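Student: I'll drop the sequence and a predicted model, then ask my questions.
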Amino acid sequence: MPSTIPPRPSHPSRPPPLSRDPRDPRDPREPPDAREPRDSRELRPSGPPEPPRVPFLTRFGSAVGAALVASGLASGPAAMRVTSALDARGIWPALAAATLIPMLLSVLTLRQARVGLRAFSLGDARKRSWSLALWVGAFSFVLLALGAVLRAKTHHHPLAGATFSIAAGVMAVLLIPFSLRFGSIAARWQEDNRKVRLVAFVVVLLGGALGLMFGLARILPPGGPFSPAVSANLVDVMAFTMAALLASRPEFEARRALALLGPPLAAALFVLGARYLLLTPTLGTTIEQRAPAFGPAVSVLAPPQR
């Protein structure tokens with residue numbers, strides 16, 4: 001019987017070798033991510049994903065709610081002055097209602113301006129924001145102090161005006177490096193989450209400003225360099241500006257509570273305030289005398305009775 005030769009085991013078929021383009025220097029056995037071009041890997045977005053975009057109705061409703069609160073804060077000093085001259089209730093809501101629409105427009109404008117400033121900040125928004133805030137505050141105080149001293153001590157008005165313009169230009173340039181330096185320090189502390197140093201820095205600045213104001217008050221005559229109307233305008237404009245800047249903060253854009261409760265409460269305040277102004281004809285004249293900055297807004301709702 002012839003011996004049977006066992007069949008030779010067949011070897012498994014090997015996969016064909018990977019074709020490689022001789023012009024491609026990359027190894028085809030590398031994983032897909034490694035085979036990806038270096039430029040495309042660098043173009044991948046890094047860091048946390050962008051936050052979801054807030055709907056338009058939420059943003060507008062929160063702006064109305066923030067403007068409602070800010071108008072109440074901004075009209076506080078004027079309401080106290082008018083109440084001391086005219087014994088009547090409801091003056092504060094009336095002034096807040098008259099300020100509501102200008103405050104809403106200011107909040108919306110400042111929100112858009114904040115986006116534009118962030119685009120031109122060149123990746124260093126905190127430093128530039130701190131530097132700009134310090135420069136504006138210091139330069140405003142210099143202008144106020146310089147104008148008050150020249151008004152009180154100089155009797156030649158053309159000479160005082162020329163001195164004021166030259167000194168203001170020089171101080172505007174000299175304050176730039178100091179503002180940039182202290183702004184960079186404050187921004188670095190904010191990035192490193194050093195809240196104690198940052199709060200101490202702000203307290204020192206406010207304390208220095210108050211000390212300079214008290215020192216300036218001793219130099220000036222008792223009556224002050226400004227008339228009551230000018231002083232009232234300065235206080236009201238500063239209160240309005242600070243309230244608008246606070247209400248335009250980006251933290252308030254996505255607040256659903258402001259978006260839901262703000263518009264109905266603002267509408268109710270506007271109707272009640274306008275009705276109170278219409279039912280009190282003499283109030284418009286008193287507001288023009290005690291709070292001239294609110295005169296145009298009040299005259300639109302209720303023209304003063306002459």
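Tutor: Nice, thanks for sending it over.
Student: which element follows the helix or strand that contains residue 243 toward the C-terminus?
Tutor: Under the criterion of DSSP states H and E, residue 243 resides in helix 228-247. Counting by DSSP H and E, the next helix or strand C-terminal to helix 228-247 is helix 256-279.
Student: check the offset of that following helix from the chain's centre.
Tutor: How far helix 256-279 lies from its chain's middle: 24 Å, per CA atoms, centre = their mean, to the nearest Å.
Student: now do stretch 280-288
Tutor: On CA atoms, centre = their mean, the centre of stretch 280-288 falls 33 Å from that of its chain.
Student: hang on, the earlier thing: and the helix holding residue 243, C-alpha only, in CSV?
Tutor: Taking Å, rounded to 0.1, in the frame of the first residue of the first chain, the C-alpha atoms of helix 228-247 are listed here in CSV:
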residue,chain,number,x,y,z
PRO,A,228,-24.7,123.7,43.3
ALA,A,229,-26.0,122.9,39.8
VAL,A,230,-22.5,121.9,38.6
SER,A,231,-21.8,119.8,41.7
ALA,A,232,-25.2,118.1,41.3
ASN,A,233,-24.4,117.3,37.6
LEU,A,234,-21.0,115.9,38.5
VAL,A,235,-22.5,113.6,41.1
ASP,A,236,-25.4,112.4,38.9
VAL,A,237,-23.2,111.8,35.8
MET,A,238,-20.7,109.8,37.9
ALA,A,239,-23.5,107.8,39.5
PHE,A,240,-25.1,107.1,36.1
THR,A,241,-21.7,106.1,34.5
MET,A,242,-20.8,103.7,37.4
ALA,A,243,-24.2,102.1,37.4
ALA,A,244,-24.1,101.6,33.6
LEU,A,245,-20.7,100.1,33.7
LEU,A,246,-21.8,97.7,36.5
ALA,A,247,-24.9,96.7,34.7
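Student: give me the helices and strands touching that helix, please.
Tutor: Helix 228-247 is packed against helix 56-74, helix 76-85, helix 91-119, with contacts defined by 3 or more CB pairs under 8 Å, 6 or more residues apart in numbering; DSSP states H and E. Using the backbone N, CA and C atoms, a C-beta is placed for each residue, glycine as well.
Student: pull out the buried positions in it.
Tutor: Neighbour-count burial for helix 228-247 flags 232-233, 236, 239-240, 243-244, 246-247 (criterion: 16 or more other CB atoms under 10 Å).
Student: then stretch 256-275?
Tutor: Buried positions in stretch 256-275, judged by neighbour count with 16+ other CB under 10 Å: 258-259, 262-263, 266, 269-270, 273-274.
Student: residue 283 against residue 91, yeah?
Tutor: Yes - here residue 283 lies in contact with residue 91, judged by CB atoms under 8 Å, at a distance of 7.1 Å.
Student: which of the two has more residues huddled nearby?
Tutor: residue 91 (27 against 23; other CB atoms under 10 Å).
Student: if I pick the more buried one, what's in contact with it?
Tutor: Going by CB atoms under 8 Å, 6 or more residues apart in numbering, residue 91 touches 79, 82-83, 283.
Student: closest one of those residues to residue 105?
Tutor: Proximity of the contacts of residue 91 to residue 105 (CB to CB) peaks at residue 79, which lies at 21.2 Å.
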